[in-house]
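> No letters, just coordinates:
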């Protein structure tokens, strides 16, 4: 699906984007403002929003990678991965039992995505290949990303999604598993996560199923993709020790509401993860 952008005077600047994010309100009609400069301009806007959020005290804690699942590209009219910032204000961890609670307050048309999340033990270089990236990873965990869209009906173009914070709202990270207990090297980790499957349930009813191979063939390859993408964007952050990176949904993104309980039953090496949503 596509539409005609509004003329330039209707464009939202970084402060306007942040106001809509904070209020949980849709962007003004028509469905999207003009994003000058295409994807490059959208990333510039997103980095300006990041600077505003840091200036008011929020701390970046890593990145989300979006649209790594090729199976949903045509559905959302976005045909390549994107990235955005994960902040401390939206990052949560489950208890040891794999259960967590997330508030949907301030979100706009929220949806849920089951994903694999990496935690870094050292900084990452733009030149790092898969073996070096494996060495940089400390752990892998199941995750629930809550994504959102400030465009009515989830109708957008790629640049809109980037300017819209890469659609990121919340991240719940489940029980971390040391990667060296999963595999001895990058190839082994790729194979283990590609073969891993997930069953997504809402209030005990199976809603969708997916697998790690849907994510650019495997989550480690998704990480490698975003490292290269960061190097191509002036002003982009680098990945550092302690960062978390959520690597993209294994299923479609499903609408969520307060009062619901969702569970992702991941195969080993990942563990099940449950979230209850509140208002």
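Yep, it's here. Predicted model, so just to flag it, every value in this text is computed and none were measured. Numbering: from 1, shown residues only.

> Can you give the contact residues for stretch 266-275?
94, 98-102, 112, 114, 116, 140-144, 172, 174-175, 177, 181-182, 192-193, 195-198, 261-265 (C-beta atoms under 8 Å, 6 or more residues apart in numbering). Where you see a C-beta, it was placed from the backbone N, CA and C, and this is true even at glycine.

> mind showing which ranges of this structure have poor pLDDT?
Across the chain, the ranges flagged by pLDDT under 70 are 1-10, 30-34.

> quick revisit: just the buried ones out of the contacts of stretch 266-275, please.
Among the contacts of stretch 266-275, the ones that count as buried by 16 or more other C-beta atoms under 10 Å are 94, 98-100, 102, 112, 114, 116, 140-144, 172, 174-175, 177, 182, 192-193, 196, 198, 262-265.

> Now do the strands in the stretch 1-150 of the chain.
Under the criterion DSSP state E, counting those that start in this stretch, strands of the stretch 1-150 of the chain are mapped to 60-66, 82-87, 91-93, 99-103, 111-120, 137-147.

> angle of the fifth one against strand 60-66?
Right, the one you point to is strand 111-120. 130 degrees (axes from the mean of the first three to the mean of the last three C-alpha atoms, to 10 degrees).

> Check the offset of strand 111-120 from the chain's centre.
Here strand 111-120 is found 7 Å from its chain centre; the criterion is C-alpha atoms, centre = their mean, to the nearest Å.

> Same question for the shortest one.
Averaging C-alpha coordinates over strand 91-93 and over its chain gives two centres that are 13 Å apart (C-alpha atoms, centre = their mean).

> So which elements touch it?
strand 99-103, strand 168-173 (3 or more C-beta pairs under 8 Å, 6 or more residues apart in numbering; DSSP states H and E).

> Could you please name the strands that strand pairs with and the direction of each pair?
Sheet pairing for strand 91-93, assigned by DSSP bridges, gives strand 168-173 (parallel).

> Same check on the fifth one?
As defined by DSSP bridges, the strand partners of strand 111-120 come to strand 137-147 (antiparallel), strand 244-246 (antiparallel), strand 254-255 (antiparallel).

> want to try JSON lines for the helices and strands packed on strand 91-93, with distance to residue 220 as columns?
Shown next, in JSON lines, are these (distance: least, C-beta to C-beta, whole Å):
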{"stretch": "strand 99-103", "distance to residue 220": "25"}
{"stretch": "strand 168-173", "distance to residue 220": "17"}
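
> Of these, give the one that comes closest to residue 124.
strand 168-173 (18.4 Å; C-beta to C-beta).

> Okay, buried residues for stretch 225-241 please.
Here stretch 225-241 shows 225-227, 229-230, 233, 236, 239 as buried, counting by 16+ other C-beta under 10 Å.

> Quick check: end-to-end length of it?
18 Å (C-alpha to C-alpha, to the nearest Å).

> for that stretch, the distance to its chain's centre please.
Distance, centroid of stretch 225-241 to centroid of chain: 15 Å (C-alpha atoms, centre = their mean).

> I appreciate the help and will end here.
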